[in-house]
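**Q** Okay, sequence plus prediction incoming.
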Amino acid sequence: MATLCQGTTARSIHKPALLPQSSAARTWTSVLLPSLATAALLWLCYFPADCGWLAWIALVPLLSLVRSPARARRIYFASWLGGLVLFGVSLQWIRVADYRMYATWACLAVYCSFYVPLGIYLLRCLDRRTRLPLVISLPLVWTALEFFRAHFLLGGFPWYFLSHTQHAFLPIIQVADLAGAYAVTVLVAAVNACLFEFLYPQSWFRRLFALPAEAICLSRSALLYQTIAILVLVGAALGYGGWRLSQNEWQDGPRIALLQGNLDQRLRNEATSPDALEDKLQTMRDHFRRLCDKAAREQTDLIVWPETSFVYNWLEVSPDLPADQIPEEWRGVNKRRQDLARSVAERWQTNLLLGVNAGGLGPDARARRYNSAVLVEQDGKVGGRYDKMHCVPFGEYVPFRDWLPWMNTFAPYDFDYSITPGDQLTRFTLGKYHFGVVICFEDTDPYIARQYAGGDEKPVVDFLVNISNDGWFDGTSEHEEHLAICRFRAVECRRAIARAVNMGISAVIDGNGQVIKLPGSDWASSKKTAAVLTAAIPIDRRVSLYARWGDWLPWACWVVIGVGLVWGRLRPAVKQFKTV
């Protein structure tokens, strides 16, 4: 399966040797340039550049570190530095939210950057101590680490996956309904590994990345078999995607109006703070009232407000709390809530999904705050409430504040704004249809969305609604990247998604991930503008394997990696290299 490039002997490969220290500068260059090249290529794949096609070759320079003869500490430092550059530049939109969020930006970039050297370490272990080819080990490791990053530490950070670079390439992302966005990551990573193995025997390529001339290369037959396998895999994905895209004749569902506000977050903060200024509050109130008045004239079945855009607090007291335990300030709030719902229904004469700041007094007499979506039906009744389950660190709570009070330094507010996460999904009823809601960045979490489409609870929803306030990020690339990630949720669940977003980008996405309606002519013109987006929701009845089986693919990747690492400890290294 392997041959020696340049006709060298096996002994020269397996006997490590230290080269003269005068080569140190050249060695640093040989490990830094590939890492930074991959960082630059990957950054170009995401917004604002959105050159997703580069992802199919972006990892090739970085893979040279897997076979590099440089000292391990140099390799891992270089790969970490490349990761820091990538995430530091990509995540710069976080700092726009508030000057105190600079620390959050820096900490998140540093945290994410460590996944790159960790990936290189795992790949080097598997490459040296197992017979797994790189076209298998790279997809395994990259997918497993993306999955880990999506769940570990403060709810995870499922942004900037390799798969997200392909959001606009609809034929390839259709496999997401089989194994999630991770399936697309596998394809892109496998092609990168195959291309690297094809270039690795070339002397000019090894000179370019200072790889050893005495290299262990795949035999021509092994390279041919691997290339054919990858071509078949990508071809099968494209064939499956073409078949799925041909299934595009859906029934028109309810007609929905999506409100897109264009309010700067600083004004919203002043309007909703404990010491709110009346003029700021009135500005916010009038802004969304005018949009809702316009939407009501469209004769729709539902008007959707963005996250926390309804300025009145939605307060409820649990019916299980004895009357004598209700504090004076909470008495009568249930009646006032019903009066508010009736006044809203009377003004706009249709069903409304309101994004609200909610407060609740539970059976234990404890007051809690929630970020919620409330359905007010046309007759003034309350059709249900969903409380956001995946809260954003620092944006909606301060992590570890009880143990580390100094963490409040990084909070964007000077008061206690922490919200309580909800504990269950809500399936709203709209005529004969059911829909689920994901709030803000919950649409970047594959787990929450797929529970609506394939979880144990019934009924399965007919479509999804995402309400968000992206006014924090003031026209940055966050708006486009957020929409791009949301497209994967539509494919994974095979359900249309309607997005109502303050400052944009609001959209209607069908079950194939196609953006079928925008406020403007394109993505760029659809942000930082006030608009009402009206569309009939396409009802997709197809079944999604991913919605039913969940994250079977990344878990399988971890199992294989674990077995490989254990097996590798029980046997000598398959490959070794000279050390510089």
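**A** Noted; the coordinates are in hand.
**Q** quick one: contacts for Leu211?
**A** 64, 67-69, 200, 205 (Cβ atoms under 8 Å, 6 or more residues apart in numbering). Where C-beta positions appear, they are placed from N, C-alpha and C, glycine not excepted.
**Q** now, among the residues you listed, which is nearest to Trp93?
**A** Of all the contacts of Leu211, Ser64 has the smallest distance to Trp93: 30.6 Å, by Cβ to Cβ.
**Q** Tell me how far that closest one lies from Pro254.
**A** Per Cβ to Cβ, to the nearest Å, Ser64 is found 53 Å from Pro254.
**Q** still on that earlier bit, dump the contacts of Leu211 to JSON lines, plus secondary structure and neighbour count.
**A** Below are the contacts of Leu211 laid out as JSON lines (DSSP: H, G, I helix; E, B strand; the rest coil; neighbours: other Cβ atoms under 10 Å):
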{"residue": "Ser64", "secondary structure": "coil", "neighbour count": "26"}
{"residue": "Arg67", "secondary structure": "coil", "neighbour count": "22"}
{"residue": "Ser68", "secondary structure": "coil", "neighbour count": "26"}
{"residue": "Pro69", "secondary structure": "coil", "neighbour count": "20"}
{"residue": "Tyr200", "secondary structure": "coil", "neighbour count": "22"}
{"residue": "Phe205", "secondary structure": "helix", "neighbour count": "16"}
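**Q** can you list these in JSON lines and add distance to Val438 and pLDDT?
**A** Converted to JSON lines, the contacts of Leu211 look like this (distance: Cβ to Cβ, whole Å; pLDDT from 0 to 100):
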{"residue": "Ser64", "distance to Val438": "40", "pLDDT": "96"}
{"residue": "Arg67", "distance to Val438": "42", "pLDDT": "93"}
{"residue": "Ser68", "distance to Val438": "43", "pLDDT": "93"}
{"residue": "Pro69", "distance to Val438": "48", "pLDDT": "90"}
{"residue": "Tyr200", "distance to Val438": "43", "pLDDT": "93"}
{"residue": "Phe205", "distance to Val438": "45", "pLDDT": "92"}
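**Q** Show the secondary-structure elements that the strand or helix carrying Tyr312 is packed against.
**A** Element membership of Tyr312 [criterion: DSSP states H and E] is strand 310-317. In terms of contacts (3 or more Cβ pairs under 8 Å, 6 or more residues apart in numbering; DSSP states H and E), strand 310-317 is packed against helix 278-296, helix 333-348, strand 351-361.
**Q** any idea how far that strand is from the chain center?
**A** Put simply, strand 310-317 sits 30 Å off its chain's centre (Cα atoms, centre = their mean, to the nearest Å).
**Q** Note down every partner strand of it and its orientation.
**A** strand 351-361 (parallel) (DSSP bridges).
**Q** Keeping just the C-alphas, turn the strand it pairs with into CSV.
**A** In CSV, the C-alpha atoms belonging to strand 351-361 read as follows (Å, rounded to 0.1, in the frame of the first residue of the first chain):
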residue,chain,number,x,y,z
ASN,A,351,-52.8,35.7,14.8
LEU,A,352,-49.5,37.2,16.1
LEU,A,353,-46.3,35.5,17.3
LEU,A,354,-44.7,38.1,19.6
GLY,A,355,-41.1,38.1,20.7
VAL,A,356,-41.2,39.2,24.3
ASN,A,357,-39.3,39.6,27.5
ALA,A,358,-41.3,37.4,29.8
GLY,A,359,-41.5,37.1,33.6
GLY,A,360,-42.9,34.3,35.6
LEU,A,361,-43.7,33.5,39.2
